[in-house]
Each structure stands twice: as C-alpha cells, then as structure tokens.
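[1] I need the structure of the sequence given here:
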Amino acid sequence: MSEAPGRLRARRRTAVLISGRGSNLRALIEGCAAPAASAGIALVISNQPQAPGLQHARAAGIACAVVDHRPGSRADFEQSLSSVLQAHEIDIVCLAGFMRVLSADFVLRWRDRLLNIHPSLLPAFPGLDTHRRALAAGVRWHGCTVHFVRAEVDAGPIIVQGVVPVRLDDTEERLAARVLEVEHRCYPLALELVASGRARVEDERVVIDGAAAADQVLINPLADDS
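    The predicted structure is shown next:
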C-alpha cells in the first residue's frame with residue numbers, strides 16, 4: 001500500500017535496494033503499511049533492470065529506480081546511487097538481497113542508517129552458501145541477522161536475530177525456506193526499531209530502549225514451528 005506524500009514525510013523515508021525477487025522487500029512494504037509504522041518505503045532501487053522485486057514496488061505505488069552497476073566503475077555506480085537517494089530525501093537504506101558490495105566511503109556516509117539482512121546467525125557463516133555450510137558444520141541452530149552495515153562484509157552491530165532449529169532430515173532448500181520465513185518477521189521489526197529511534201549504537205553494540213527490549217530483539221519461532 002502506498003502512502004500519501006504528506007503522511008510519508010512524517011515517517012522515516014526509507015529506500016530498499018534489491019537485485020532479485022524481493023521477498024524481503026514485500027515483507028518490509030507490508031510492515032510499513034501498519035498505521036503506527038515509523039518508516040515508510042519511499043523508494044525501491046535495483047541494480048538489475050529486470051529484477052522481479054520491482055513489480056512488488058510498482059504494485060504498491062512506490063517509486064522505483066534502476067541504477068545499473070555494469071556501465072562504469074564502482075565509484076560511478078555509487079555516485080549514481082547516492083544521487084537517486086538524495087533526490088528522494090532518503091533517511092534509511094535497507095539492503096534486501098542487494099548483490100553488490102558497497103565501498104567503505106559509501107557505508108560511512110550512511111553509517112547507522114544502512115541496514116542489511118544476512119541468512120545466518122552472524123558472526124557465524126558470513127558470505128555465501130550459508131545453509132549448505134550450516135548443514136555441513138552440524139549446527140543445531142541456524143537463522144538470520146539484521147545488522148547495521150560496516151565496511152567489512154556481513155559485519156556490523158546486530159539489531160535483530162531470528163532462530164530456527166536445524167533438523168536431521170534438512171536439505172538446503174528446506175532449511176532456507178524455514179529461515180526465509182523468519183527473515184520476513186525480523187526485517188520489518190528491525191526497521192521499526194531503527195526508524196522509531198528505539199535502536200541505537202553504543203560502542204558498536206545496539207541498545208534497544210523499552211522494558212520489553214529483550215523479547216523484541218530475538219525472534220524464536222519454535223512455538224509455531226511444526
């Protein structure tokens with residue numbers, strides 16, 4: 001659901017950067033549709049012109065932009081990206097399946113306003129193939145992490161983590177599907193915590209305001225996991 005311009009300006013104007021299907025984008029759009037939401041999705045950017053996730057944004061009436069990374073250098077790409085974000089007066093940026101590594105300069109410009117979601121319980125299994133590596137390691141618990149972005153890949157203060165059990169008969173596909181379900185719960189929660197000002201960084205750790213903070217920064221779906 002799109003927001004009237006005046007209403008959206010009362011919220012933290014958020015851009016979501018995608019490269020593919022945009023399932024977490026859809027979860028963020030749904031989360032920001034809540035009347036009391038502190039963030040509003042004002043812009044969706046893809047580095048892939050044919051990214052299926054752009055359809056989610058268009059269906060919701062959200063502005064879309066394509067900033068192709070291929071024609072020039074990374075510096076050129078990031079300058080174009082910054083220009084689009086500035087033109088839309090963006091406050092917060094969410095990376096949601098955005099398959100480009102951003103430079104230290106870009107990350108610094110958006111320090112503590114740039115979020116990412118990773119399909120593992122960081123600092124375990126940074127990088128790619130997280131579900132395969134989790135199964136190979138024989139871990140009993142796996143999940144996802146929403147964190148503030150730093151220059152190091154898959155590093156930065158952790159905002160929300162979601163936990164799922166690893167079953168003996170799991171395949172990569174089954175485990176990935178279970179993790180994706182909890183990703184769709186974690187990312188909207190993390191964005192709300194940041195946009196509302198309840199989550200802040202102190203000494204490179206996230207502090208959450210409120211008496212129920214401990215319950216809100218760990219999503220454990222065991223109760224409804226069959």
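
[2] what's the helix or strand for Val101?
    Following DSSP states H and E, there is no helix or strand that holds Val101.

[3] the closest residue to it other than its chain neighbours: neighbour count?
    Counting by C-beta to C-beta, 6 or more residues apart in numbering, Val101 lies nearest to Val153, which is 6.2 Å off, once chain neighbours are set aside. For every residue, glycine as well, the C-beta is placed using N, CA and C. Neighbours of Val153 under the rule other C-beta atoms under 10 Å: 13.

[4] which residues touch Val153?
    Neighbouring residues of Val153 by C-beta atoms under 8 Å, 6 or more residues apart in numbering: 101, 126-127.

[5] and the residue nearest to Asn47 when sequence neighbours are not counted, how close does it get to Arg205?
    Of all residues not flanking Asn47 in the chain, His69 sits nearest, at 4.6 Å (C-beta to C-beta, 6+ apart). The gap separating His69 from Arg205 is 32 Å, by C-beta to C-beta, to the nearest Å.

[6] so these two - more neighbours on which side?
    His69 (17 against 9).

[7] the longest helix in this protein is where?
    With secondary structure taken from DSSP state H, the chain has its longest helix at helix 172-195.

[8] may I see the buried residues of it?
    175-176, 178-179, 181-195 (16 or more other C-beta atoms under 10 Å).

[9] equivalent analysis for stretch 86-106, please.
    For stretch 86-106, burial by neighbour count (16+ other C-beta under 10 Å) applies to 90-98, 100, 102, 106.

[10] for that stretch, how far is the first residue from the last?
    Using C-alpha to C-alpha, to the nearest Å, the end-to-end distance of stretch 86-106 comes to 13 Å.

[11] got it, and stretch 40-51?
    21 Å.

[12] now the helices: where do they sit in the protein?
    With DSSP H as the criterion, the chain has helices at 5-9, 23-32, 53-59, 74-87, 104-109, 130-137, 172-195, 213-216.

[13] mean pLDDT and distance to Ile117 for the ones you listed - can I get that in TSV?
    Shown next, in TSV, are those (pLDDT from 0 to 100; distance: least, C-beta to C-beta, whole Å):
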stretch	mean pLDDT	distance to Ile117
helix 5-9	48	23
helix 23-32	97	6
helix 53-59	95	14
helix 74-87	96	19
helix 104-109	97	16
helix 130-137	98	12
helix 172-195	96	5
helix 213-216	54	16
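
[14] now for those, which one comes closest to Leu122?
    For the helices of the chain, the distance to Leu122 is smallest for helix 130-137, at 9.6 Å, taking C-beta to C-beta.

[15] many thanks, I have nothing further to ask.
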